[in-house]
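*Asks:* Sequence and computational prediction follow.
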Amino acid sequence: MNVKIRKWQLSDIDNLVRYANNKKISDNLADAFPFPYSKEFGLEFIERVSNEKPTKIFAITHENMAIGSIGIFPDQDIYRKNGAIAYWIAEPYWGKGIATSAIEQILRYGFEELELTRIYAKPFGTNIGSQRVLEKMGFALEATISKAVFKNNMYLDEKIYGKRKTTHNNV
């Protein structure tokens, strides 16, 4: 499968809006990810993230067509060797191994380029598909925080999955 992560480009705008404008996707993400997803929001997003240094949010592409997004967000201060990931895949591409491939690439970037030693994700308790992908990628369930998320007028559990760089020392 030809899946790559790369910087977002203005030429991705049509696919971004087509695939991001999906309530099933926004239901599993923070409220900062809007529904409906407008072209104006997409253009502002691409402009902002394409100028980040270092890049934190990437397009997930299949045969060079943007079909999702994945980001890695390093923590600060004493947590600076940790980073959170978040991602979404266009619904027509669910269950095809694309998230697995994108996560594998973002792990390599986070551990090698950003020099993180722990990468974590916090899917909602209702997002079983994302939990399965993380487990398949070797993430361990570190915690379940009951009713920590308020989304769509409901309280949801937050799952915290983590994966550690296997070759680091304590110093």
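*Replies:* That came through, no problem.

*Asks:* what's near enough to touch the residue nearest to Arg80 when sequence neighbours are not counted?
*Replies:* Nearest residue to Arg80, sequence neighbours excluded (C-beta to C-beta, 6 or more residues apart in numbering): Pro74, at 6.5 Å. The C-beta positions use only the backbone N, C-alpha and C, and glycine is treated the same way. Pro74 makes contact with 56, 80, 82-83, 110, 114, 116, according to C-beta atoms under 8 Å, 6 or more residues apart in numbering.

*Asks:* Same question for Phe58.
*Replies:* So Phe58 contacts 5-8, 69-71, 106 (C-beta under 8 Å, 6+ apart).

*Asks:* now, which of the residues you listed lie within strands?
*Replies:* Members of the contacts of Phe58 lying in strands (criterion: DSSP state E): 5-7, 69-71.

*Asks:* Of those residues, which is the most crowded?
*Replies:* Ser69 (26 neighbours; other C-beta atoms under 10 Å).

*Asks:* Could you pull out the strands in the chain for me?
*Replies:* Under DSSP E, the chain gives strands at 3-7, 57-62, 65-74, 82-89, 118-121, 140-151, 154-164.
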